[in-house]
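Asker: I need the structure of the sequence given here:
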Amino acid sequence: MRAMSYTQFGSAADVLTLDDLPTPAPAAGEVLVRLKTSGVNPSDVKARAGGRPGVTEPPFPKIIPHSDGAGVIEAVGEGVDAARVGERVWIWNGQWARAFGTAADYIALPTEQAVRLPDATSFEEGAILGIPGLTATHAVLGGGLVKGKTVLVSGGAGTVGHLAVQVAKASGARVLATARGAEGLAAAKSAGASEVFDYSDDALAEQILEATGGTLVDRIVEVEFGMNADTNTQVIAPGGTIAAFGSAKDMAPTMPFYPLMFKAVTIDLVLVYLLNSDERRAAEGHLTALLEAGALDFRISASFDLTECAKAHDIVAEGARAGSVLLSI
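Answerer: Next comes the predicted model:
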């Protein structure tokens, strides 16, 4: 099978190579998926570049990158229902604690990591579900239903934030969102936010509270935990939750502990790679229901052939994209 791989950290053009590797056979409890698409996420790019804290060398001799993808099950291992053959699926954790991910013609992995893809959902959309889709869904709904509540989504024009706005809106919440620039604000608004705010404004907290008539926010989906800690402390309701999935601009934040404690705020650090089985099944169920209801609109910034994997990595690394970057396999 064709596969993009690397054996050392470095720039995408320097270390990613196209290989011809044996097609894997599904072991007991596994399925073999013929991949159609592979999703390129920032975490994949950082892993290939050696950007994960404390990781000084690749954890495996050869790595096929990417955790997200979609395709069709071609074979099953012992103990897996043969009726799964021919099933359209999307992948999660394809290259988490594993050497071989989705930037290849095939992937063999545990059957539970290949989730049924609704018929009306394309393979391109399926390759966005593993990290962005699960992160958005768990960040919004991981603490329970949000119907009738107020949810603030930070970075509502980003890949995860744009989906989180839609998840919250479709789940019956009043949705507020932050973004930047006319295009970003319009994207967050079109996704379903009733009010949008420029996150760079020094009076952001005051603007949010003015828009809500002083009503505090029940749940915050946060992409920049450290940078927005003070604003979030001002607008979060007693007993509210800050579900944070990133803090890239302040990786060692100072937290206003006592103001948060005296509101009994829950801080939920969201890492979808490590969801427990109950959390993951719940998020998968929510995602499937939203997909089948046609409630999610996916933005795709660019799609490349498998052989152009390095170019895809570079675009993600630049950070100036309005949507997901995919490989077509």
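
Asker: in this protein, where's the longest helix?
Answerer: Counting by DSSP state H, the longest helix found in the chain is helix 277-292.

Asker: what residues sit buried inside stretch 217-226?
Answerer: Using 16 or more other C-beta atoms under 10 Å as the test for burial, stretch 217-226 gives V217, D218, R219, I220, V221, E222, V223, E224, F225, G226. The way it works is simple: take the backbone N, C-alpha and C, and place the C-beta from them, glycine included.

Asker: I'd like the average pLDDT over it.
Answerer: Average pLDDT, stretch 217-226: 98.

Asker: would you mind measuring the gap between the ends of that stretch?
Answerer: The straight-line separation of the ends of stretch 217-226 (C-alpha to C-alpha, to the nearest Å) is 18 Å.

Asker: ok, and what's touching it?
Answerer: Contact with stretch 217-226 is made by 136, 139-140, 143, 146, 149-155, 158, 160-161, 164, 168, 173, 176, 208, 228, 232, 235-237, 240-254, as judged by C-beta atoms under 8 Å, 6 or more residues apart in numbering.

Asker: how about stretch 244-264?
Answerer: Residues contacting stretch 244-264 (C-beta under 8 Å, 6+ apart): 135, 139, 160, 221-227, 229-230, 233, 236-240, 267-271.

Asker: run the last query once more with 6 Å
Answerer: 135, 139, 222-227, 229, 233, 238-239, 269-270 (C-beta atoms under 6 Å, 6 or more residues apart in numbering).

Asker: which of those residues sit farthest apart?
Answerer: Using C-beta to C-beta, those reach their maximum pairwise distance at T135 and P238, which is 26.0 Å.

Asker: between the two, which one's more packed in?
Answerer: T135 (28 against 10; other C-beta atoms under 10 Å).

Asker: break this protein into its domains for me.
Answerer: Per automatic domain parsing, the structural domains of the chain span 2-128+298-328, 133-273.

Asker: quick one: closest of these to A282.
Answerer: Nearest to A282 among the domains of the chain is domain 133-273; the distance by C-beta to C-beta comes to 7.5 Å.

Asker: contacting residues around A211?
Answerer: E195.

Asker: distance of the residue positioned nearest the centre of the chain from W92?
Answerer: Residue closest to the average C-alpha location in the chain (C-alpha atoms, centre = their mean): P132, at 1.8 Å. Relative to W92, P132 is positioned 11 Å away (C-beta to C-beta, to the nearest Å).

Asker: swap in A103?
Answerer: As judged by C-beta to C-beta, A103 and W92 stand 15 Å apart.

Asker: what ranges do the helices span in the protein?
Answerer: Using DSSP H, helices in the chain cover 12-15, 42-49, 123-126, 134-141, 159-170, 181-191, 204-211, 229-235, 257-261, 277-292, 309-318.

Asker: can I get the ones you listed in a markdown table including mean pLDDT?
Answerer: Below are these laid out as a markdown table (pLDDT from 0 to 100):
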| stretch | mean pLDDT |
| --- | --- |
| helix 12-15 | 98 |
| helix 42-49 | 97 |
| helix 123-126 | 98 |
| helix 134-141 | 98 |
| helix 159-170 | 98 |
| helix 181-191 | 96 |
| helix 204-211 | 98 |
| helix 229-235 | 98 |
| helix 257-261 | 98 |
| helix 277-292 | 98 |
| helix 309-318 | 97 |
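
Asker: out of those helices, the one nearest A302 is which?
Answerer: With C-beta to C-beta, the closest approach to A302 among the helices of the chain belongs to helix 309-318: 6.0 Å.

Asker: name the helices or strands packed onto the closest one?
Answerer: If you count contacts as 3 or more C-beta pairs under 6 Å, 6 or more residues apart in numbering; DSSP states H and E, helix 309-318 packs onto helix 12-15, helix 42-49, strand 300-305, strand 324-328.

Asker: wait, which of those is closest to K62?
Answerer: K62 sits nearest to helix 12-15 of all these, at 11.2 Å, using C-beta to C-beta.

Asker: that closest one: which residues count as buried?
Answerer: Buried residues in helix 12-15 (16+ other C-beta under 10 Å): A12, V15.

Asker: so what touches that helix?
Answerer: Y6, Q8, A310, H313, D314.

Asker: try it again with 10 Å
Answerer: Contacting residues not belonging to helix 12-15 are listed as 4-9, 45, 48-50, 58, 63, 65, 309-317 [C-beta atoms under 10 Å, 6 or more residues apart in numbering].

Asker: ok, of these, which come out buried?
Answerer: For the contacts of helix 12-15, buried by 16+ other C-beta under 10 Å: 4-6, 9, 45, 48-49, 58, 63, 65, 309-313, 315-317.

Asker: and N41, what does it touch?
Answerer: With C-beta under 10 Å, 6+ apart, N41 has these contacts: 47, 65-68, 127-128, 130-132, 135, 159-160, 316, 324-325.

Asker: what do you get for T7?
Answerer: The neighbourhood of T7, defined by C-beta under 10 Å, 6+ apart, consists of V15, T17, P58, F60, P61, K62, I63.

Asker: so which elements touch the longest strand seen in the chain?
Answerer: Looking across the chain with DSSP state E, the single longest strand is strand 30-40. Judged by 3 or more C-beta pairs under 10 Å, 6 or more residues apart in numbering; DSSP states H and E, the packing partners of strand 30-40 are strand 68-76, strand 88-91, strand 106-110, strand 114-116, helix 123-126, strand 300-305, helix 309-318, strand 324-328.
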